[in-house]
Structures are given as C-alpha cells and as structure tokens.
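Student: take a look and give me a structure for this.
(one chain, ligands or ions: 2)
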Amino acid sequence: MRAMVLHRAREPLRLEDVPPSEPGAGQVVLRVRACGVCRTDLHIVDGELDRPKLPLVVGHQVVGETEDGRRLGVPWLGWTDGTCRYCTTERENLCDNAKFTGYDVDGGYAEWVAADERFCFPIPDAFDDVQAAPLLCAGLIGYRSLRLAGDAERLGLYGFGASAHIVAQVARYQGRRVFAFVRRGDEAGAEFARGLGAEWAGPSDEPGPEELDAAIIFAPVGELVPAALRAVAKGGVVVCAGIHMSDIPSFPYELLWDERVLRSVANLTRRDGEEFLALAPQVPVRTHVEALPLEQANEALDRLRRGDVRGSLVLVP
Ligand SMILES: [Zn+2]
Ligand SMILES: [Zn+2]
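Tutor: Numbering: from 1, shown residues only. Ligands and ions are numbered 1, 2, ... in the order given. Predicted coordinates for the structure are as follows:
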C-alpha cells in the first residue's frame, strides 16, 4: 500500500510502498477514506513530540471502511491497558501505558490502517468522509476542552483553527457567547470566526470587549496563557488544549488570584468521543474542509505551519 512515512524528525514524509500492517488481536483493518491533518502531526514531524516509533505513519483523524462496509473513525487514543489507576477511575485519557495513533502505532496517512476496534467510533451518517475527519481530533479534543471549561457563558477561543471552528458552533448551540482571539492583523481569521457565530473577534494580545468566564487556548503559544488569565473574570477557567506549547512567560500571582483556574487537557476518553459524535449531528456542526491527495501531505503540513488553513485540511488516498 502507499503511505507517507516519517523516517526522522524534521525531514519531509516520504511516499513509499509498504506492506499493510497485519491486524493484531482485537484489531480491524480499514481502507482509509480520509485522514484529517492535525497540529499534533506537525509537532511530531517537527520533533517537538520526540518519542515517536520510527519509521512512522502519522495521522489520527482517520475515517475508514471495514471489509464488511462499516464506516469507523480512528482517533488519537489507540489503546489503553484498562488496569492502571487512571483507566480504573474513568480517566483512560491519562493511561500510563496508552498507545496513540500516528505516534506509537501507525496512523492514517496511508491507504490502509489497522486499529483496535474498541477504540474506534462509528461515523454518523450526516457527515461524508472528508467532513467527518476533523471531528475525530479537532472536534473531539475541542469538545473535551469545552466541557472542562465548565458552564461558562462568555467563552474566549484563542487561535481560531480546526478545533475552534468546531467548538464555536457547539458553544453557540449550547447558548454560550463566543469571543474569538486571533493573531493581530489576521482579518480573514476574524471574519471566519464571526461567520461561525463569534459575536466579537479581535487580536489576542488585547483584552476583549468584556470579561470572559472561560478561555480555551488552541494556539501553541505560551504568551497566550497570561493574556487569557488577564481576560477572564474572577473564578474564570483557562484551558490549554494543545499537546505542545512554547514556554509560558512568568506572570504576577495576581493574574491567578481570585480563584482563577489554569489547566491543560490531555487526549480523550472513549466517552468524550461517544458524547461528541452524538452531539455533532444535532448542532449540526458544519466542518470547513479542504481535501488534498495523500501525496500532498508535506504541502499540507507546510500550510498548517504557516497558518495558511481555513478550518481543516484532509488527506484523501
Ligand atoms: Zn491505563
Ligand atoms: Zn490531533
């Protein structure tokens, strides 16, 4: 099968003909129909997440089809031990021995993928293959971040990429007010956010028009942490949704005072996936996607690195 293979960090992926992975116990083999490009893929290829298996096929927003015609989604959480103190307390996202798709095991930048069926999700009929792909990480981790932001009415989204464009729609559906913070000068990004229900969109280095009850930071930029703490009201929550972020500059304790909460979100549980994929058709979430052929994976990653993406890029073998 054809696959885009990572041999070393900071090198382009190589298009290769590799034998399809043999399914292990409990695994299904899926013909890949679409695979979303996630910022985490970029962190792996750029060496910021530095323990991948090598050689590696990245990609963890996979929509595939089983031999008997079922459409399944393969997310980032590929396997857990089910026995550690996290797994046994409904926190399998923190499993000590978790295996992640497109990092510890081969993912979806390929024509075929093998996945543990217990961690796959049925894809709702309302979404075609390409539209469904970004739901599997951008949507799912975004949904978990939103849940952990609590019942905030005034929600700030920092970085309006693949995740935020989905979360904004879910938040509006839940009756929240959405404020989008984009890079200074990114007028097209601000316009995109307004079109998806943000009542205000403006530069992230300034406070918004009013205090926020919670903020979710999707951009991998540590400077946004003190900026977001400054923007939330007393008791407000700041959620860091990315797997990697540049260092956070020091800031006065005053910014955290008055019971403000700062936390990260790691991975997903299967419960997050089931809840979100049941909710998405009700909203209904409309994903903004651009499909590219599998062979253009390096171009797709370059565009994500440059911020030249509106919504999500999706690779189609
Ligand atoms: Zn575990
Ligand atoms: Zn991801």
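
Student: only C-alpha atoms from now on, for both contacts and neighbour counts.
Tutor: Will do.

Student: which single residue of the stretch 201-317 of the chain approaches ligand 1 most closely?
Tutor: Residue of the stretch 201-317 of the chain nearest ligand 1, by CA to the ion: residue 269 (11.2 Å).

Student: how is this structure partitioned into domains?
Tutor: What automatic domain parsing lists as the domains of the chain is 2-137+283-316, 140-264.

Student: circling back: check contacts around the residue of the stretch 201-317 of the chain closest to ligand 1.
Tutor: 77, 91-93 (CA atoms under 8 Å, 6 or more residues apart in numbering).

Student: quick check on the spatially most central residue of the chain: phi, psi?
Tutor: Centroid check for the chain by CA atoms, centre = their mean gives residue 138 as the closest residue, at 3.0 Å. Dihedral pair for residue 138: phi -50, psi -50, per degrees, to the nearest 10.

Student: I figured it hits residue 160, correct?
Tutor: No. Residue 138 sits out of contact with residue 160 when judged by CA atoms under 8 Å, with a separation of 11.3 Å.

Student: off-centre distance for the helix or strand hosting residue 114?
Tutor: Assessed by DSSP states H and E, residue 114 sits inside strand 112-116. Strand 112-116 sits 20 Å away from the centroid of its parent chain (CA atoms, centre = their mean, to the nearest Å).

Student: likewise stretch 282-297?
Tutor: Centre-to-centre, stretch 282-297 and its host chain are 13 Å apart (CA atoms, centre = their mean).

Student: now do it: distance from first to last residue.
Tutor: By CA to CA, to the nearest Å, the extent of stretch 282-297 from end to end equals 32 Å.

Student: contacts made by that stretch with the rest, please.
Tutor: 3-4, 13, 15, 109-110, 130-132, 134-135, 165-166, 169-170, 173, 300, 310-317.

Student: out of these, which are buried?
Tutor: Buried by 16 or more other CA atoms under 10 Å: 3-4, 13, 15, 109-110, 130-132, 134-135, 165-166, 169-170, 173, 300, 310-317, out of these.

Student: tell me which of those residues fall in helices.
Tutor: Using DSSP state H, the subset of those located in helices is 130-132, 165-166, 169-170, 173, 300.

Student: the residue nearest to residue 62 when sequence neighbours are not counted: helix or strand, and which one exactly?
Tutor: Using CA to CA, 6 or more residues apart in numbering and skipping the chain neighbours, the partner closest in space to residue 62 is residue 35 (4.4 Å). Using DSSP H and E, residue 35 sits within strand 27-36.

Student: nearest residue to the residue nearest to the centre of the chain in space, please, no chain neighbours.
Tutor: residue 163 (4.2 Å).

Student: so what's the gap between the helix or strand hosting that neighbour and the chain middle?
Tutor: In the assignment (DSSP H and E), residue 163 maps to helix 162-173. With CA atoms, centre = their mean as the basis, helix 162-173 stands 12 Å off its chain's centre.

Student: now do stretch 122-131
Tutor: Using CA atoms, centre = their mean, the offset of stretch 122-131 from its chain centre is 17 Å.

Student: burial measure for the residue of the chain found nearest ligand 1, as a count.
Tutor: At 3.6 Å from ligand 1, residue 95 is the closest residue in the chain, using CA to the ion. Counted with other CA atoms under 10 Å, residues neighbouring residue 95 total 22.

Student: same question, residue 119
Tutor: Neighbours around residue 119, by other CA under 10 Å: 19.

Student: contacting residues for it?
Tutor: Contact analysis of residue 119 by CA under 8 Å, 6+ apart lists 74-75, 77-79, 270.

Student: show me where this protein has its helices.
Tutor: Along the chain, the segments classed as helices by DSSP H run 39-45, 129-132, 138-148, 162-173, 187-195, 224-231, 270-279, 297-306.

Student: and ligand 2, which of those is closest to it?
Tutor: Closest among the helices of the chain, using CA to the ion: helix 39-45, at 5.1 Å.

Student: for the protein, what lies in contact range of ligand 2?
Tutor: 38, 137 (CA under 5 Å from the ion).

Student: what residues does the chain have near ligand 1?
Tutor: Checking the chain against ligand 1 by CA under 5 Å from the ion, the hits are 81-82, 84, 87, 95.

Student: are any of those buried, and if so which?
Tutor: By 16+ other CA under 10 Å, those give 82, 87, 95 as buried.

Student: average pLDDT across the strand holding residue 114?
Tutor: Across strand 112-116, pLDDT averages out at 97.

Student: what's the angle from that strand to strand 27-36?
Tutor: 120 degrees (axes from the mean of the first three to the mean of the last three CA atoms, to 10 degrees).

Student: who's in contact with strand 112-116?
Tutor: Residues contacting strand 112-116 (CA under 8 Å, 6+ apart): 1, 20-23, 26-32, 74, 78-79, 106-107.

Student: great, nothing more from me.
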